[in-house]
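*Asks:* I'll drop the sequence and a predicted model, then ask my questions.
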Amino acid sequence: MFTALQRWLLILTLAVLPAGAIYADLSAAQQQQEKSRQLENLRQRIDQLEQDLAAQRDHYSEEVQQLQTIETRIGRRVKALRGIKDQLQAQNRKLDTLEDEQRELQNELESQRELLGQQVRAAYVIGRQEFLKLLLNQEDPAAVGRVSTYYDYFNRARSEQIKAALETVARLDRVEQQIARRKTELQALHDREVKQKQQLEQNFRERSRALARLKKEIGSRDEQLSQLQEDEKQLQQLLRALERKLGDLLTEEKDSRRSFAERRGELAWPARGEMRKRFGQSRNAGQLRWNGVLIGGGEGNSVYAVAPGRVAYADWLRGYGLLIIIDHGDGYMSLYGHNQGLLKEVGDWVRADEAIAEIGSSGGRDEAGLYFEIRHNGTPTDPAKWCGRTRRG
């Protein structure tokens, strides 16, 4: 129960506090609760979607399942390697800073040693005449005071210089210990990198064998056509499932400054490289058309998001390999396929020109390259009408 004094204090507090501040606090708390609820809802929908996709993959042939397993494993190792490289770069920058500091301290210590040497030599010269004798030889009392003051100043300066030199030595010792620790950490990271690369090379050899078996399974042109049609059908089903299950949550933080449609013709291509296949170009002896473009690029080169958005899909899909799909809002999605590794996960918000993957040949391709599509409400559109800038860097 409130006492009379507490009630009066409460009334006074509420009277003084602006009403807007109370409502703002309540609104912020409610917004946080709503945000948490939406994130939990998103997680549940993603889990359900992954279960649905896993059920579809059960119908893949044994060869396709083996290829998926190996390429997914490669993707995880590529992502781990990217993380190790980032850590190595960060540690090397710290090491460079420490080594710069070490050089500065060594130069400072050398200067202090030289100054101390000069003071010691001066002390030796002065010391040849006893301090008392110098005082007695002075007839002028003012001169006696000056000599005494000089001796005191000289001794204090020498003591302070010795103290500063000792502090520099201590700082230098600490820096050298930090350098030794950084080098140990760098060596450990380097060893991890070497191990990951060795395992990655083994995965690539396994992939080559699995790819040979898959090509043997899909022998004739009719079988290839059937496979391509089935892959396109599966992609359409995936896009519809994403829109149905996740569409209202994925674009919650969409860039309010400019919509995707307003960026038409201004986007940079997602990767640097030669255009090997163009939108609408005939495929499989004219029986199909390309719904996107195929950009040739070096294995491991970065793939960038063409516009801000939310990652709606980041996984392996037959025919497209390691695929990442970004929802840009208003029914627009961009697709990036055949990656060697994926750097983002479902639900991640990405900025325009942010690295999201690495170019590869997953999905059964012989050569590295990026497959890129832009779709509006599930319908493919020509990326050349959207991307008007060459990717640099």
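*Replies:* Looks like it came in fine. Residues are numbered from 1 along each chain as shown.

*Asks:* and Glu185, how far from Asp96?
*Replies:* Separation of Glu185 from Asp96 (C-beta to C-beta, to the nearest Å): 14 Å. For glycine as for every other residue, the C-beta is placed from the backbone atoms N, C-alpha and C.

*Asks:* the more surrounded of the two?
*Replies:* The neighbour comparison of Glu185 against Asp96 (other C-beta atoms under 10 Å) goes to Glu185, with 15 against 11.

*Asks:* for Gly83, see how far away that one is.
*Replies:* Counting by C-beta to C-beta, the gap from Glu185 to Gly83 is 14 Å.

*Asks:* pLDDT score assigned to Gly280?
*Replies:* With respect to pLDDT, Gly280 scores 91.

*Asks:* typed the wrong thing, it's Val346
*Replies:* Listed pLDDT for Val346 reads 86.

*Asks:* so it touches Ile325, yeah?
*Replies:* No - under the criterion of C-beta atoms under 8 Å, Val346 is not in contact with Ile325, lying 9.2 Å apart.

*Asks:* so what sits against both of the two?
*Replies:* Val311, Ala312, Tyr313, Ala314 (C-beta atoms under 8 Å, 6 or more residues apart in numbering).

*Asks:* now, the most widely separated pair of those residues?
*Replies:* Farthest-apart pair in the shared contacts of Val346 and Ile325 is Ala312 and Ala314; separation 8.4 Å (C-beta to C-beta).

*Asks:* the two: which is more packed in?
*Replies:* Taking other C-beta under 10 Å, Ala312 and Ala314 do not tie; Ala312 has more neighbours (28 against 22).

*Asks:* and stretch 82-96, C-alpha only, in PDB?
*Replies:* Extracted C-alpha coordinates of stretch 82-96, given in PDB (Å, rounded to 0.1, in the frame of the first residue of the first chain):
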ATOM      1  CA  ARG A  82      36.500 -16.800 -45.500                       C
ATOM      2  CA  GLY A  83      36.100 -16.300 -41.700                       C
ATOM      3  CA  ILE A  84      39.700 -17.500 -41.100                       C
ATOM      4  CA  LYS A  85      41.000 -15.100 -43.700                       C
ATOM      5  CA  ASP A  86      39.100 -12.200 -42.200                       C
ATOM      6  CA  GLN A  87      40.600 -13.100 -38.800                       C
ATOM      7  CA  LEU A  88      44.100 -13.400 -40.300                       C
ATOM      8  CA  GLN A  89      43.700  -9.900 -41.800                       C
ATOM      9  CA  ALA A  90      42.500  -8.400 -38.500                       C
ATOM     10  CA  GLN A  91      45.400 -10.100 -36.600                       C
ATOM     11  CA  ASN A  92      47.900  -8.900 -39.200                       C
ATOM     12  CA  ARG A  93      46.700  -5.300 -38.800                       C
ATOM     13  CA  LYS A  94      47.000  -5.500 -35.100                       C
ATOM     14  CA  LEU A  95      50.500  -7.000 -35.400                       C
ATOM     15  CA  ASP A  96      51.500  -4.200 -37.800                       C
END
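
*Asks:* and Ser302, how far is that from Arg207?
*Replies:* For Ser302, the distance to Arg207 equals 21 Å [C-beta to C-beta].
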